[in-house]
Structures are given as C-alpha cells and as structure tokens.
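Novice: Here's my sequence, what's the structure:
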Amino acid sequence: MDSDYIIVGGGSAGCVLAHRLSEDPARRVILIEAGRDVTAANMPDDLRAAYPGKAYINPDYLWPALQVRSIGRGGHNSTEGAVRRAYAQARILGGGSTVNGQMANWGVPSDYTDWEELGAAGWGWDGVFPYFRKVETDLDFPGPNHGSEGRIKVRRIPRSQWSGHQAAVAEGLSELGYPELADQNGDWGDGWFSLVHNNVDEHRVSAATAYLDTETRARPNLQVLTDTEVEGLTFDGLRCTGVTIRQGTGTKALSAREVVLSAGAIHSPAMLLRAGIGPAADLRDLGITPRVSLAGVGRGLMDHPQIALGSFMRRDARMDGQTGRHVQVGLRYTSGIADAPPGDMFLGAGSRTAWHAVGAQLGALTVWVNKTFSRDGAVKLASADPRVSPDVDFRLLSDRRDLERLKEGFHLMAKLQMSAAMRKVATTPFPASYTDRARQVGVVNTRNKMLTGALAAFLDGPGVVRDTLLRNFVMSRHDFETCLRDDEALEDFIIESVAGIWHASCSCRMGAAGDPMAVTDETGRVRGIDGLRVCDASIFPSVPSANTNMPVMMVAEKISDAIRADEAGLRAAS
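Specialist: Residues are numbered from 1 along each chain as shown. I've put the predicted structure just below:
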C-alpha cells in the first residue's frame, strides 16, 4: 500500500486535510493536485497581491475549457438557449484560496442550523463554531469569539485606508437607515461592516502557504504531487483502493487505505460519476456500469446569484494606493420575502472593476442572494472520458423568488447610488454585465493596457465625451433609468446578466441515512462505498451566507477530526 490516505485535490480543503492528517508521523499521506505548485517563496506577484483582479482571470491558474450555464434566455425557469461561458475554477495548489477575492466570512449561525435540519447531524452552529476558530487568527478581534492560533490570518481594512468611494458607500448605507456592525463574523443582525479578508501586510494568505508551509512539507510522511491529474478511482468490489494518476504522458496506480475527494463541487461529483457512483440511468446512458446508485451525485448544485450596478468614480474617490483591497464595505440585509431567513441578502462595493486603467475609474455595487431557493443545478458527465469537462448547469434562478429578490436588490443599489453621499463621488450609474467585450479587454496583455490607458484619459475629460464613451465602450444595452421604471426591462437585464460568484457547492451533499439525495454521511463517507470520502464544498447541505472559502476550511478541519476519531474507533475495536 502506497499510503494510508490519498487526498485528491490540493485546494483549500485538500491543504487542510494534508496538514492535519500528516501531523501523526505514523500516517502516510499523499496529496494530489492537477495544477502547479505554489509556495510563499515562489508565489507570483499576481497571486500574492491584495488586489485579486489579475489572479482569478489568469488562465495559467484555471481549469482549461471548463464552461457552465447559469440561466437560459428562455426565461428564469428554463435552460433553453442557455449560453455556455468560461468558468474560473482554480487549478493550482491552494485552489480557490490562491486565486479568489480573499474574503474571510463565516456566514451566520442559522446557516448551520439549516445544515443540521437538512440531516447533517453535528453540523449546527455549536458543532462548527470551534472549527471556524481553529482555522483563523483574527488580528482585530482577539478573544473567545474568534481564533487566535489558526493558520489563516484575517483582518479588516482600517477606515483610514478606505477609498473615498468606500467611505461614501458606508455613509450612504447609514443614510438609508442601516446600522454599522463592528464584526462581520460576530454581529449577526442586519447592517453594514468592514469586510474580513485573509490578507496581511497586503499579501494573500492562502491555504497552500498557511497549511503547507516549509515545516509541514518537510514531514517525511507527506508527499505532495503537483501537475498530476487523477484519471480515475480504483476498486475492489465496493471498496475504493486508490487512484490512477497521470504525470506527463505516463500513468500509474497508487493505493491507499482511504481516498478523500477534495476536488471541489464540480470535479468531485464528476469523479464519482466516472467511477459508477451516481444516478444509475444517467450512468448507463454514457456506457458506465453503475457501481452504487446514488441519485444525489451531481444534483443540488448551488451558488449565489449576483447582479451589479456600475458607475464612474470621480478622481478623488478612487483607490489611492494605501491598500490594494478594492472591496472594503459590505451590507447584510433581510429581504422580507416569504420563507426567507433573516440576512438573506448581501450588498458589496468595489472601488475597482478590472486590473486596467478603465477598471480603476469604475466602481461597482453588487447584490447577491445569500440564501437561495434555487437548488436544482446539476453536474453531469458529457463523456466518460476524464479529459472531457463535465456538463455544468447552475440554474441560478429556477425559483422565481430569487429573481424577485434580485429585482428588489437592484432598486436598493439604485437608492444607495443616488444617496447624497454617493452622488458626491460617483456619477453615470449603469446596469453592469460581464459582456464578451469586457472579457476580451480583461485579458492581461500589452494591447489592452495601451487601449484602456488611452480610453481612460478621455474618460477623465469633459462629461459629454465621457458619457458618450461609456455608452459606446463600457455599458451594456441595458439602461439604468429604464430598468428603474420598467419591471420587464429590469427582469430582462437580470436574466441576461446574472452570474454566480464562484461559490459552487452542494453537489454531493451530506444528509441522513434515509435521505435518497444524500451522497455522504456527516463524516463525508460516500454511502455504499468503503474507503472513500468527499471533503469540500460539494458536501454542504446548502450554500451558506458567505464566500465559501472559510466554510470549506472549517469543513476540512472538522472532517479531519472525524477521520482521526474513526481511526481511534477501529484501533479500539481491534
């Protein structure tokens, strides 16, 4: 046997698992990552930077050819005519924590009450709170409500470093009657706050650098394989015995007592499906012999649907170089829609929209549904061939209540944009879409740097020139005033522009033994298969009211303890 544990996927969860499981020198652990290695010493500048706008669009760090559908043009409940668009899924050690926006929020206690009510025993607030503390060191709030010894250091941007745009957002939210909350991860009511970031001294703190530091990598019982793809799982009947890997042009088999899939909410279910674990009819259609029929594999895929409102920032409101963190202030609020919990919506503000010169002139308000009712997205196989990307359909607005909340959210963004504080710093609001033109200009190259530099110079000129250029080169076809007064126009904008925010989750969810859609038990073990677990965002019973990176690491810390407890139980039984 090559190891005791093989961890498939070196993202946030995989790095945590590798660190924790290899703490015992008697355990042999192999961590496998398809992408490149990255350490604190060799981290490229675009990954290390406080501003993440270059990192998460760099194709060198992402899965190639991965495309997804968000919503169909035929209506909110249809995928007819849906456009497939490139999806930024990290393919690098540290996963999302190496390329993402560095947001370090937990969600709210009711998120985890929901998990337990959905059948994940032990995953209520009392069960997860100690593991959030274990993950973090909060540099602003020492004490019993936060961690002080965790590997992920987090902080908030001091108000003295806020851009004029961010300060106006905070003032505008106060004008609208929302209170200030001191601690996003401790004050659970509605209100605005300084956002928590896993960023220290203007440098990213990733799972790769924090959990796989030099000391951890020196452990003789831990092997980290990067630039290594897992082609499939190996079995002896209903026991998973290891994996087949590809390095360069060669393949080999590795065996283990237990395999843990930590490849994320898109690739973990795809690996199960290729192994014959999933909806039996779908598998047979692809010529795959079902090993265990589990209806929930790949089903229930969720994300946070988001829309945005852009504006042109005056010179003195823009970022001034004190910090690279372009998103500093956020708001949690309650929509009041039937059956939604408190704090079911989120509004954030960015004082930069892209890496280039024009992006530095544009601000954005974004609103997303924190607790979505749309829960019928799916990951399916397009082919049994592991080299073919899975078929991913988020169906973000399949429940109309999510569309209605985004419509309400657009009007809230408009009220904020038109507040007295915001009118002093920003003008020309426009419904923002990530158009094909924006994607093309967003590619980091010399041509785009020169093009946007020239355009930016004109945008800072006379107002008539600026408005003409914004209409012709920046804005989508949707008009701000029309969307405000015409509900059909607003709905059209949302259906065309809505996108997830890279919070894919829930596609192999935990649940009770009698739940036909539950893929794993409360310790991540795949039902019906020995020696196989899943540990990543795919096992979330529902997407929490948070950016998913901190919840993923919390889950990995808790599953690590569950694995060790299972080991202890086996030793006691023998």
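
Novice: List the contacts of stretch 340-348.
Specialist: With CB atoms under 8 Å, 6 or more residues apart in numbering as the test, stretch 340-348 has contacts from 108, 110, 114, 188-190, 195, 304, 327, 329-335, 337, 365-371, 373, 401, 405, 409, 412-413, 416, 545. For every residue, glycine as well, the C-beta is placed using N, CA and C.

Novice: How about stretch 119-126?
Specialist: Under CB under 8 Å, 6+ apart, the answer for stretch 119-126 is 109, 112-113, 115-116, 510-512, 515, 518, 522, 541, 558.

Novice: What are the buried residues along that stretch?
Specialist: 119-120, 123-125 (16 or more other CB atoms under 10 Å).

Novice: May I see those organised as a markdown table, with secondary structure added?
Specialist: Shown next, in a markdown table, are the buried residues of stretch 119-126 (DSSP: H, G, I helix; E, B strand; the rest coil):
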| residue | secondary structure |
| --- | --- |
| G119 | coil |
| A120 | coil |
| W123 | coil |
| G124 | coil |
| W125 | helix |
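
Novice: of those, closest to A420?
Specialist: A420 has its nearest neighbour among the buried residues of stretch 119-126 in W125, at 38.9 Å by CB to CB.

Novice: roughly how far apart are that closest one and M1?
Specialist: 39 Å (CB to CB, to the nearest Å).

Novice: do the same with G143
Specialist: Per CB to CB, G143 is found 45 Å from M1.

Novice: Equivalent analysis for S22, please.
Specialist: Counting by CB to CB, the gap from S22 to M1 is 16 Å.

Novice: likewise F193?
Specialist: Counting by CB to CB - F193 and M1 are separated by 49 Å.

Novice: Those two: which is more packed in?
Specialist: Higher neighbour count among F193 and M1: F193, with 23 against 10, using other CB atoms under 10 Å.

Novice: Give me the three-state assignment for that one.
Specialist: Note that with three-state DSSP, the state of F193 is strand.

Novice: Okay, and the beta partners of it?
Specialist: G330 (DSSP bridges).

Novice: What backbone torsions are found at T468?
Specialist: phi -60, psi -40 (degrees, to the nearest 10).

Novice: Count the neighbours of it for me.
Specialist: Per other CB under 10 Å, the neighbour tally for T468 reads 12.

Novice: Could I get the contacting residues of R325?
Specialist: Contacts of R325 by CB under 8 Å, 6+ apart are 50-51, 102, 157, 197, 199.

Novice: Closest to D391 out of those?
Specialist: Of all the contacts of R325, Q102 has the smallest distance to D391: 30.4 Å, by CB to CB.

Novice: picking that back up, show me which of the contacts of stretch 340-348 are buried.
Specialist: For the contacts of stretch 340-348, buried by 16+ other CB under 10 Å: 108, 110, 114, 188, 190, 195, 304, 327, 329-333, 335, 365-371, 373, 401, 405, 409, 412-413, 416, 545.

Novice: most residues in a single strand of the protein, which one?
Specialist: strand 250-261 (DSSP state E).

Novice: what's the very next helix or strand once past that strand packed up against?
Specialist: Next helix or strand after strand 250-261 toward the C-terminus (DSSP states H and E): helix 264-274. Counting contacts by 3 or more CB pairs under 8 Å, 6 or more residues apart in numbering; DSSP states H and E, helix 264-274 packs against strand 229-236, strand 250-261, strand 377-380.

Novice: so what strands line up beside the last one?
Specialist: If I follow you right, that is strand 377-380. strand 299-301 (antiparallel), strand 391-393 (antiparallel).

Novice: Which among those is found nearest to Q361?
Specialist: Set against Q361 and scored by CB to CB, the strands paired with strand 377-380 come closest in strand 391-393, at 33.8 Å.

Novice: quick one: buried residues of that closest one?
Specialist: Buried, per 16+ other CB under 10 Å, within strand 391-393: 391-393.

Novice: Among the residues you listed, which one sits closest to V379?
Specialist: Taking those together and measuring to V379 by CB to CB, the closest member is V392, at 5.5 Å.

Novice: partner residues bridging the closest one?
Specialist: Bridge pairing for V392 - DSSP bridges - gives V68, V379.

Novice: Can you dump the C-alpha atoms of the helix or strand of the chain with the lowest mean pLDDT in CSV for me?
Specialist: Lowest by mean pLDDT, DSSP states H and E among the helices and strands of the chain is helix 436-442, with a mean of 78. Extracted C-alpha coordinates of helix 436-442, given in CSV (Å, rounded to 0.1, in the frame of the first residue of the first chain):
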residue,chain,number,x,y,z
ASP,A,436,-17.9,39.4,-24.3
ARG,A,437,-16.2,42.8,-24.9
ALA,A,438,-15.4,43.2,-21.2
ARG,A,439,-13.9,39.7,-21.2
GLN,A,440,-11.7,40.5,-24.2
VAL,A,441,-10.5,43.7,-22.7
GLY,A,442,-9.9,42.0,-19.4
